[in-house]
Each structure stands twice: as structure tokens, then as C-alpha cells.
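Engineer: prediction below, plus the sequence it came from.
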Amino acid sequence: MNATGQLNQQLQQDLQNELITANQLLRLISFELQQLKSFTCAGGEFEANIKENASLLAKLASMKNINIENLPLMTRIQTNIAANDSHLAEQSLRNETSMED
């Protein structure tokens, strides 16, 4: 076989391998999408978790005599700032603890 034929055969094999890999990835993506669809469908696990969490929050608020109906809305940026502050505090605590060791 000449060099052009060998190159052509190698390119065809490479293409076949790429198609097989792409097909496998598409199957995995399809599987993941089916799991997400099942998880998030009406009456699914996600909805049940949200309802359970809402119920727990209501019970905790009741225990602390907090009227959660009148709480002010919290914007996303406030949530992100609080999360960052919490992360920084944890990191600082870890640093202090590691210095003490």
C-alpha cells in the first residue's frame, strides 16, 4: 500500500474512533439528562426535598417565634456576600488552628 493509502486508512480509523467516542459521550449525556428529568419532575425527589426543607424551616422558625411570612426578601448578592464572609471566616479559623499545632 502506498503512503497516501496508508494515510487515508489512518484518517478513516481516527475518524471512526472519534465517532465511537462521540457516540459514547452522547449516551452518557442522554443518561444524565434522563436522571435530571426524573429528579426534577413534578412530584419527584427534588420537589419532595424542597417541601421537606420548607417544612423544617417553618418548624425552626416556629420554635424561635420568628414569623417567616414577614421576612424581607434577600437578594442574591446578599446571599453571595454572606457565603463569602462565611468561607473567609472558616479559612481564617483553619489558619489559626494550623498555627497552633
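Structural biologist: Now that the structure is in, tell me what you want to look at.
Engineer: ok, how many other residues are close to residue 25?
Structural biologist: Neighbourhood size, residue 25 [other Cβ atoms under 10 Å]: 10. Placement of C-beta: from N, CA and C, glycine included.
Engineer: quick one, what contacts it?
Structural biologist: Counting by Cβ atoms under 8 Å, 6 or more residues apart in numbering, residue 25 makes contact with nothing.
Engineer: what distance do you get for it to residue 34?
Structural biologist: Relative to residue 34, residue 25 is positioned 15 Å away (Cβ to Cβ, to the nearest Å).
Engineer: could you chop the protein up by domain?
Structural biologist: What automatic domain parsing lists as the domains of the chain is 3-70, 73-101.
Engineer: can I get those domains in TSV with mean pLDDT?
Structural biologist: Below are the domains of the chain laid out as TSV (pLDDT from 0 to 100):
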stretch	mean pLDDT
domain 3-70	91
domain 73-101	65
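Engineer: longest single helix anywhere in this structure?
Structural biologist: helix 3-40 (DSSP state H).
Engineer: pull out the buried residues from that helix.
Structural biologist: Using 16 or more other Cβ atoms under 10 Å as the test for burial, helix 3-40 gives no buried residues.
Engineer: show me what contacts residue 16?
Structural biologist: If you count contacts by Cβ under 8 Å, 6+ apart, then residue 16 has nothing around it.
Engineer: before we move on, back to that, next helix or strand past the longest helix of the chain?
Structural biologist: Counting by DSSP states H and E, the element after helix 3-40 in chain order, helix or strand, is helix 45-63.
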